[in-house]
Every structure is written in structure tokens, then in C-alpha cells.
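Participant: Generate coordinates for the sequence data below:
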Amino acid sequence: MAPTDFQHDATKSTQLANERGAALLIVLVMLLLLTILGATLFTSSTTEIKIAGNYRNTLETFSAADAAAEFAMIYDKIYTSLIPGTTASSWPNAGEGKLLNNDLTEGDPNTENRNFNRINIPGTNVKADIKVDLIAARNNPPPGYGYQEDAGVGAGGEASFKSNVFAITVEAHGPNNARADVEAGMARVVPH
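Facilitator: Residues are numbered from 1 along each chain as shown. As a prediction, this is how the structure comes out:
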């Protein structure tokens, strides 16, 4: 029996000799899988960072467009140039858009969008193109202003106020080609 036991031990040592590279192969496969996982996570993280940056740029551009619309609502120079009965019906006149300086004086022609005046939004790198159109001139304010049409103020039913209705269009251009368009309407009520 001794020779059989010896032969059995020789078979075991032969099997171990054949399995020496198995650990290396398992380690290399695991290394490959971890490399693929790491590359996937890196790509996913990079994509998420770009999405967050684009979202921020879009919000910044929209906020700038909204601010430009608010500016157009309160900038008196627009409304003194758009008086009903005159030839001007929009600010700027078609094809006469300017690049407004920081002090809001007219500068060079707006070569990119000739039908709009362009302003730079302070504190950002966003530019906004603004256009205001006179839509209608009415003898009474629009409904909802608390004005009763037959009452008038003063004598009789004569209208004592008039309103000018304007449409405001803003196109804002931000970083990474972000763009936001805002349209607003407003009525300015003035004594008749």
C-alpha cells in the first residue's frame, strides 16, 4: 500500500503545479472589471458636472432676461420716444438697434440683431437684446385697473386718463450659447 499512497501524493503535486497561474488570472480579471467601473463612474461624474453647469448658465441667462424686461418697463427714455401719434412705434426703430453703453447712452450699431438695442447685464457676462413695441393707445385704462369707464374724473363721462399698451421682447445670450427669451406686456396710464 505504500506505493499507492506515494502515487496519490504525486497526483496532488501535479494538480497544484497546473493551477499556479489561476490566481494571477483572477486578479487580472478583477483589475479589468474595476478599471471599467472606474471609467464609467468618471464619465458619469463628468457628465453630471456639465449638466449642472449648463443648468446654472440657463438660470443665469433667464434671470438676466427677466432683469432686462424689468429694465425695459421702467426706463423712461423708451416711453418718451414712443408717444402715440408720432412716427416711432417701437424702440428701437426697425434696423436701428444700438449697443447701449454702461451709462445707457447709445453706442455702436448692434450688428448681431439690428432690430433690438443690446445691453450688458452688470455683474454677469450675459448680453440682452431689448425691443419695445407700442401696441395700442386707448382713451381709458385697460379693464382691471379699477377705473369705471362712465364715471371719469372731473366733469361728465369724458375720459380723464389714457393708456398706452406696450409689448416688451427680450432675447438674452449667456455663456455656452445659453439663450432665454422673455416677452412681457405692460400699460402705462397717463392723464389725458
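Participant: hey, which helix or strand in this structure has the poorest pLDDT?
Facilitator: Here the helix or strand of the chain ranked lowest by mean pLDDT, DSSP states H and E is helix 2-18, holding a mean of 58.
Participant: what distance separates the helix or strand just after it from the centre of its chain?
Facilitator: From helix 2-18 onward toward the C-terminus, using DSSP states H and E, the following helix or strand is helix 22-74. Helix 22-74 sits 18 Å away from the centroid of its parent chain (CA atoms, centre = their mean, to the nearest Å).
Participant: Same question for stretch 94-102.
Facilitator: Taking mean C-alpha positions (CA atoms, centre = their mean), stretch 94-102 and its chain are 22 Å apart.
Participant: now swap in stretch 93-113 and tell me
Facilitator: That offset, for stretch 93-113, works out to 22 Å (CA atoms, centre = their mean).
Participant: Give me the buried positions along that stretch.
Facilitator: For stretch 93-113, a neighbour-count test (16 or more other CB atoms under 10 Å) marks 97-100, 110 as buried. Where C-beta positions appear, they are placed from N, C-alpha and C, glycine not excepted.
Participant: Adding distance to Ile119 as columns, could you present those in CSV?
Facilitator: Shown next, in CSV, are the buried residues of stretch 93-113 (distance: CB to CB, whole Å):
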residue, distance to Ile119
Gly97, 11
Lys98, 10
Leu99, 8
Leu100, 5
Asn110, 10
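Participant: so of the residues you listed, which ones are in strands?
Facilitator: Secondary structure assignment by DSSP state E places 98-100 of the buried residues of stretch 93-113 in strands.
Participant: Residue ranges in the protein under the pLDDT threshold?
Facilitator: Regions of the chain meeting the criterion pLDDT under 70 cover residues 1-18, 84-87, 140-160, 192.
Participant: what do you get if the cut-off is 90, keeping everything else the same?
Facilitator: Low-confidence segments of the chain (pLDDT under 90): 1-24, 75-90, 92-94, 101-106, 111-112, 121-125, 135-165, 176, 186-192.
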